[in-house]
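K.L.:
Below are the sequence and a predicted model; questions follow.
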Protein chains: 2
Amino acid sequence: MHYPVIIRLIAFLLLFLAGGMILPLLVSIYYGDASTKAFFYSILIISLASLFLILLTRKDRDNHLNHKDGALIVTIGWIMAALAGTLPYLLSGVIPDFSNAYFESISGFTTTGSSILNQIEGMPHGILLWRSMTQWMGGMGIIVLSIAILPYLGIGGMQLYKAEIPSPIVDKLKPRISETAKVLWKIYLFFTLFEAALLIFAGMTVFDAFCHAFSTMPTGGFSTKNASLAHYDSALMDGITIVFMLIAGINFSLHYKLIKGNIKNVGKDLELKLFLVIVLVFTLIITLNIYGQIYTSFSRALRDALFQVTSLITTTGFISADYEKWPALSQMILLLCMFLGGMAGSTGGGIKIIRIMLLVKHGYNEIFHVIHPHAVTVVKLGKTVVPQDVLRSIWGFFILYILLFFIASLLMAFIGLDLVSAFSAVASCLGNIGPGLGLVGPVSNFHDVPVAGKWILVFCMLLGRLEIYTVIITLTPEFWRK
Amino acid sequence: MHYPVIIRLIAFLLLFLAGGMILPLLVSIYYGDASTKAFFYSILIISLASLFLILLTRKDRDNHLNHKDGALIVTIGWIMAALAGTLPYLLSGVIPDFSNAYFESISGFTTTGSSILNQIEGMPHGILLWRSMTQWMGGMGIIVLSIAILPYLGIGGMQLYKAEIPSPIVDKLKPRISETAKVLWKIYLFFTLFEAALLIFAGMTVFDAFCHAFSTMPTGGFSTKNASLAHYDSALMDGITIVFMLIAGINFSLHYKLIKGNIKNVGKDLELKLFLVIVLVFTLIITLNIYGQIYTSFSRALRDALFQVTSLITTTGFISADYEKWPALSQMILLLCMFLGGMAGSTGGGIKIIRIMLLVKHGYNEIFHVIHPHAVTVVKLGKTVVPQDVLRSIWGFFILYILLFFIASLLMAFIGLDLVSAFSAVASCLGNIGPGLGLVGPVSNFHDVPVAGKWILVFCMLLGRLEIYTVIITLTPEFWRK
């Protein structure tokens, strides 16, 4: 382990974060709200601390990092970013309690979007912007991490991507990591600005439009309104949000290909097709299920169904309707969405479509294998054979996901949550979604979850965001053995 | 496919079943109850039909069967047995509706123990005995199938057993299938009689004792009382039932080894150890959870916790307390039990401890693999390396189990069940347990499930009982291709 380099890199990350706080600082000065001092001191504290660390480790810049260092940087980096992110909440007094502040902060950086705030409207503009910005930075971090950096470090869960060279993922991007990261940043920024512009056109204030765009593209879900998107009750805004949630749920290297004019290749992408088919089918089922029973207008039923399916499968978590009032079938499908997640290489959480696709293919293969015991069977993705070790890695991911889901749910029930709330709170945080059912349902929030429960959920959000392996390996004795 | 031989074997099975009906016939004559005629006609109809089929196929006895024939015989055999089993219910008028009668019958043969009957007490003795006997025959069928016959036919899910030669399962039993089957029958019969004797000693009537013993050993769960074991409120009877439920949840080849004095080998069995540890730990957690909150007596809390954990993990489904009134943590653990199931080679349903054990080991291996990307890792059971194709088969089983669970739950919700009822009804039937939560909870039954839902559950029970592969392969076009 190269600790000085690890510390140095994390210090740079924090310095960058302090830089990000300048925008909410300026906004708070512009609006003359109550968070100006908080941002000023936050920037000061974080900058000084990170500059000190950077100076301290100035001789250690050339060390080559191995994959263990990578896992540590990423895990600790996220933890520290969330810690630094609490400062504006604490110093402004908007969230005086540390557990709550950390929950809100990591919920932002992991792009979960679960909130402990009861009353969002009327909060200082700087704070509202900062909430959305944590998601935006966290989302970008994930993109760069999952497409540009992790495959090269060879970190867990990413065998998937490695295996897909030379097919859908890394091939057509730039040869150097830094260039790839730059390209991805540009795409991300472009979509964010585009969405903000459209939302302004649809009638949102400039401030709200930017906040929502900042939390759509990372599939985050923080809103500036208590009722989330339902506040506006605007078909146009819902429509714009749906489109950009879908864009955010798609593998970003496909966007890159599209921009480069490689439409044919994008059209052939199996995961993309399946993703869109699932969204369509689920939307249709829910529409038919709620139309007549809950809604008198078919088009309104369709709109809300599409919005909620998109919002939950991409793990954004915006809310356009109180889906807890929908029939069991619809709720069950939404629950399923929470586990599926969007595409690999997107900003979404969850298990991811491609993993589920390969698992189901494997299941079908085994049926075939029982019928023809002596036939050799392989799992294919298009025309490419998926190697055994990739499948093993996916299986490992899947069982760990389910295991962690159950353990965390048991702990939440132990703390006192009811069955549905416990299961759905964990599903929501592990999948980086935001809302759940019951106590943490669409019209409630995480404020009333006991403190211990909040910290369990914090851990779930981190695990989910970094696709489990990266975090979990750092907790094994094996990792620390020389 | 060798259809004449398949028909011939199923006809023999039905003839055997008609023979089994002689016992309830005699009992109904003894008690002079209202089911005598029903049994008489049932025996007549089934015997004539099967003798006709046996005569028709008398030239086809020597054909050698392949593994596809095996799957068909088992699947159709179970379906036909359940069909024949409806006759006493229908002809006696106790269950006049065919869907209900078939549900009750297959719930018996699959040893599920879910019931559509509101009022069990006061029913004709012959019918009560028949209910329990369907479970007893179904349970024995499973033992013989899973330990003696299926490994030789090479049928799905059974790669597990095959792979475990030469370790825990098939090795020490007799070399010939028919002899193995005979040994297993004897063990099964011995335990059944032993339990009946103990229950009589504890104060049950001879009739009730036999009915309960008939449904304990197959981990069935049909009772002769509306309130199940809770009716007696007897610590002694609960204790006896717990012991025999545990025995039933243990791999029957271990019982054989024990009888042969091979205690050392049994003590080394990892699945057994894990099974007992899980029962103990779960019981302890639930006891601490319900003591104080629900129970004022610690010993009573312990007794009910142990009873319900054993009942649900062995997939028996007897009830000693209304666990729906227990806190969420306890309910969640019981829900977990429903998925775990007992040991492979037992009469229990569910996913089975050994599969979960290997899956979790695999998950841990993948963590290790991420830390040491170039190390070769294998999953071991004791000192034996588990071959890759066995792991693949287990993964296939697991994903199919979860997939079917979700699809069936969605269908149940579509039919109109609420979230918890739909999920738990399917979990209960797929795991061959009996009771669930909500509408199908411990103090309710399956009577009010809509007809379409009953047939979905019938299919789930069959799938669960034959460990998915056997049934599902017969539904693929691939199976029927020449």
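P.N.:
Perfect, thanks for sending it.
K.L.:
need the residues of the stretch 201-350 of chain A near chain B, please.
P.N.:
Neighbours of chain B within the stretch 201-350 of chain A, by Cβ under 8 Å from any Cβ of the partner chain: A:289, A:327-329, A:331-333, A:336. For the C-beta atoms, the positions are set from N, CA and C on the backbone; glycine is no exception.
K.L.:
go again using 6 Å as the cut-off
P.N.:
Within the stretch 201-350 of chain A, the residues that sit near chain B (Cβ under 6 Å from any Cβ of the partner chain) are A:328-329, A:331-332.
K.L.:
how about these, which pair is most distant?
P.N.:
Greatest spacing in these, by Cβ to Cβ: A:329 and A:331 (7.3 Å).
K.L.:
which residues of chain A score low on pLDDT?
P.N.:
Applying pLDDT under 70 to chain A flags residues A:61-65, A:143, A:145-178.
K.L.:
Let's see that with 50 instead.
P.N.:
Along chain A, segments meeting pLDDT under 50 span A:154-172.
K.L.:
Longest helix of it, counting residues only.
P.N.:
Scanning chain A for the helix with the most residues, using DSSP state H, yields helix A:388-415.
K.L.:
what about the helix or strand just after that helix, near chain B?
P.N.:
With elements assigned by DSSP states H and E, the helix or strand that comes after helix A:388-415 is helix A:419-430. Yes - counting by Cβ under 6 Å from any Cβ, contacts between helix A:419-430 and chain B involve residue A:419.
K.L.:
what helices or strands is the one helix or strand residue A:19 maps to leaning on?
P.N.:
Here residue A:19 sits within helix A:3-20, counting by DSSP H and E. Secondary structure elements in contact with helix A:3-20, counted by 3 or more Cβ pairs under 6 Å, 6 or more residues apart in numbering or on different chains; DSSP states H and E, are helix A:36-56, helix A:67-92.
K.L.:
now those helices in TSV, with distance to chain B and mean neighbour count?
P.N.:
Listed next are the helices and strands packed on helix A:3-20 as TSV, based on distance: least, Cβ to the nearest Cβ, whole Å; neighbours: other Cβ atoms under 10 Å in any protein chain shown:
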stretch	distance to chain B	mean neighbour count
helix A:36-56	27	17
helix A:67-92	7	22
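K.L.:
Any chance of JSON lines for those, columns distance to residue A:424?
P.N.:
JSON lines is the format used below for these (distance: least, Cβ to Cβ, whole Å):
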{"stretch": "helix A:36-56", "distance to residue A:424": "33"}
{"stretch": "helix A:67-92", "distance to residue A:424": "23"}
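K.L.:
and of these, who's closest to residue A:394?
P.N.:
helix A:67-92 (18.7 Å).
K.L.:
Check which helices and strands the next helix or strand after that closest one sits against.
P.N.:
The helix or strand immediately downstream of helix A:67-92 is helix A:98-109, counting by DSSP H and E. Helices and strands touching helix A:98-109, by 3+ Cβ pairs under 6 Å, 6+ apart, are helix A:67-92, helix A:125-143, helix A:451-465.
K.L.:
hmm, 10 Å instead?
P.N.:
Where contact means 3 or more Cβ pairs under 10 Å, 6 or more residues apart in numbering or on different chains; DSSP states H and E, helix A:98-109 is packed against helix A:67-92, helix A:125-143, helix A:419-430, helix A:451-465.
K.L.:
In contact with residue A:482, which residues?
P.N.:
By Cβ atoms under 10 Å, 6 or more residues apart in numbering or on different chains, the residues touching residue A:482 are residue A:1.
K.L.:
ok so it is a helix residue?
P.N.:
No - per DSSP: H, G, I helix; E, B strand; the rest coil, residue A:482 lies outside any helix segment and is coil.
K.L.:
where's it relative to residue A:68, distance?
P.N.:
When Cβ to Cβ, to the nearest Å is applied, the distance between residue A:482 and residue A:68 equals 11 Å.
K.L.:
number of nearby residues for residue A:291?
P.N.:
Residues contacting residue A:291 under the criterion other Cβ atoms under 10 Å in any protein chain shown number 17.
K.L.:
which residues in the stretch 251-400 of chain A form helices?
P.N.:
Counting by DSSP state H, counting those that start in this stretch, the stretch 251-400 of chain A has helices at residues A:252-259, A:263-267, A:270-290, A:298-313, A:328-340, A:353-371, A:388-415.
K.L.:
Report the buried residues of the second one.
P.N.:
Same thing as helix A:263-267. In terms of neighbour count (16 or more other Cβ atoms under 10 Å in any protein chain shown), helix A:263-267 has its buried residues at A:265-266.
K.L.:
Quick check: which helices or strands does that helix pack against?
P.N.:
The contact analysis (3+ Cβ pairs under 10 Å, 6+ apart) places helix A:263-267 against helix A:252-259.
K.L.:
Output the helix it packs on as PDB, nothing but the C-alphas.
P.N.:
The C-alpha trace of helix A:252-259 is given here as PDB (Å, rounded to 0.1, in the frame of the first residue of the first chain):
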ATOM      1  CA  PHE A 252     -22.100   6.600 -21.400                       C
ATOM      2  CA  SER A 253     -19.800   5.000 -23.900                       C
ATOM      3  CA  LEU A 254     -22.800   4.500 -26.100                       C
ATOM      4  CA  HIS A 255     -23.400   8.300 -26.000                       C
ATOM      5  CA  TYR A 256     -19.900   8.800 -27.100                       C
ATOM      6  CA  LYS A 257     -20.300   6.400 -30.000                       C
ATOM      7  CA  LEU A 258     -23.500   8.100 -30.900                       C
ATOM      8  CA  ILE A 259     -21.800  11.500 -31.000                       C
END
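K.L.:
Tell me which residues of it come out buried.
P.N.:
A:252-257.
K.L.:
What is the nearest of those residues to residue A:456?
P.N.:
The shortest approach to residue A:456 among the buried residues of helix A:252-259 belongs to residue A:252, at 30.8 Å (Cβ to Cβ).
K.L.:
That closest one and residue A:88, how far apart?
P.N.:
Residue A:252 sits 29 Å away from residue A:88, going by Cβ to Cβ.
K.L.:
what's the neighbour count on the spatially closest residue to residue A:222 that is not a sequence neighbour?
P.N.:
Spatial nearest neighbour of residue A:222, excluding adjacent residues (Cβ to Cβ, 6 or more residues apart in numbering or on different chains): residue A:215 at 4.5 Å. Residues contacting residue A:215 under the criterion other Cβ under 10 Å number 30.
K.L.:
Next: residue A:111.
P.N.:
35.
K.L.:
that older thread, do you know which of the helices of the stretch 251-400 of chain A lies nearest residue B:109?
P.N.:
Judged by Cβ to Cβ, the one of the helices of the stretch 251-400 of chain A that comes nearest to residue B:109 is helix A:353-371, at 22.7 Å.
K.L.:
sorry, back to before: the residue nearest to residue A:222 touches residue A:199, doesn't it?
P.N.:
No - in this structure residue A:215 lies outside contact range of residue A:199 using Cβ atoms under 10 Å: 11.7 Å.
K.L.:
that older thread, what sits in contact with each of residue A:329 and residue A:331?
P.N.:
Joint contacts of residue A:329 and residue A:331 (Cβ under 10 Å, 6+ apart) are A:286, A:289, B:413, B:419, B:422.
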